[in-house]
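Asker: kindly return the folded structure for what I paste below:
(2 chains)
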Amino acid sequence: GPKVLQIPSHQIIDMGQMVTLNCDPVSNHLYFYWYKQILGQQMEFLVNFYNGKVMEKSKLFKDQFSVERPDGSYFTLKIQPTALEDSAVYFCASSSGLGGRREQYFGPGTRLTVL
Amino acid sequence: GDSVTQTEGLVTLTEGLPVMLNCTYQSTYSPFLFWYVQHLNEAPKLLLKSFTDNKRPEHQGFHATLHKSSSSFHLQKSSAQLSDSALYYCALRNNYAQGLTFGLGTRVSVFP
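Answerer: Got it, this is the predicted structure:
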């Protein structure tokens, strides 16, 4: 079936540094999402992106976060600067359209550890 | 806001026995309900989805019925297999929000 890839699978960085998480969405999908899952907690929606713009973001999407998809390449989540509480697994997802019934396809996640 | 509750954190059972995972939800709007399954080191994958009250979608032997009267979407299978060992997430989405709202997940371990 359709696959979403995430690079890297693990990332360890020092607090205050910048990190970029990369997502290769399903090829014909136009809507992209990031979710955050802290260990032992539920996966939570961060942001939705379409046509070069953030469509919706949650209160978890801090000012230090940014997303982009330059020229149809990877969909990225950048955190600058990182904080200890950013340690989590970040899941990327994509869908072919909007609407409640549209399936979102997820990647396997990137485990980010901030020291 | 929306919320999803999965009461069991871990379910262990013997192969061949039935399994039921509980999911209840709260939503301001009439939501769409989903079950995702995540095997070890893999991506969460859609298992079932339902938008219609009292309809019972099925996939890979699993089924779930959306009951709007009780705000529930429990997942069931009549006979568990070893390959069903995984993490199961219940999630909802409504037409006024882009993101899914997830439960904490239930880990299922099936033993021979």
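Asker: can you give me how far the helix or strand encompassing residue A:76 is from the chain middle?
Answerer: The secondary structure element spanning residue A:76 is strand A:75-79 (assigned by DSSP states H and E). Centre-to-centre, strand A:75-79 and its host chain are 6 Å apart (Cα atoms, centre = their mean, to the nearest Å).
Asker: close to chain B, is it?
Answerer: No: using Cβ under 8 Å from any Cβ of the partner chain as the criterion, no contacts between strand A:75-79 and chain B are found, and the smallest distance is 14.2 Å. Where you see a C-beta, it was placed from the backbone N, CA and C, and this is true even at glycine.
Asker: and that strand, what other elements does it pack with?
Answerer: Contact partners of strand A:75-79 among helices and strands, from 3 or more Cβ pairs under 8 Å, 6 or more residues apart in numbering or on different chains; DSSP states H and E: strand A:19-24, strand A:44-50, strand A:65-68, strand A:88-95.
Asker: the first one to strand A:75-79, inter-axis angle?
Answerer: Right, strand A:19-24. Angle between the axes of strand A:19-24 and strand A:75-79 is 170 degrees (criterion: axes from the mean of the first three to the mean of the last three Cα atoms, to 10 degrees).
Asker: can you check the last one too?
Answerer: Here the directions of strand A:88-95 and strand A:75-79 differ by 150 degrees (the same axes, to 10 degrees).
Asker: what sits up against the following helix or strand past strand A:88-95?
Answerer: Beyond strand A:88-95 in the direction of the C-terminus, DSSP H and E gives the next helix or strand as strand A:105-106. Residues from elsewhere that reach strand A:105-106, judged by Cβ atoms under 8 Å, 6 or more residues apart in numbering or on different chains: A:1-4, A:25-26, A:29, A:35, A:91-95, B:36, B:43-46.
Asker: returning to what we had before: out of the helices and strands packed on strand A:75-79, deepest packed?
Answerer: strand A:88-95 (a mean of 24; mean count of other Cβ atoms under 10 Å in any protein chain shown).
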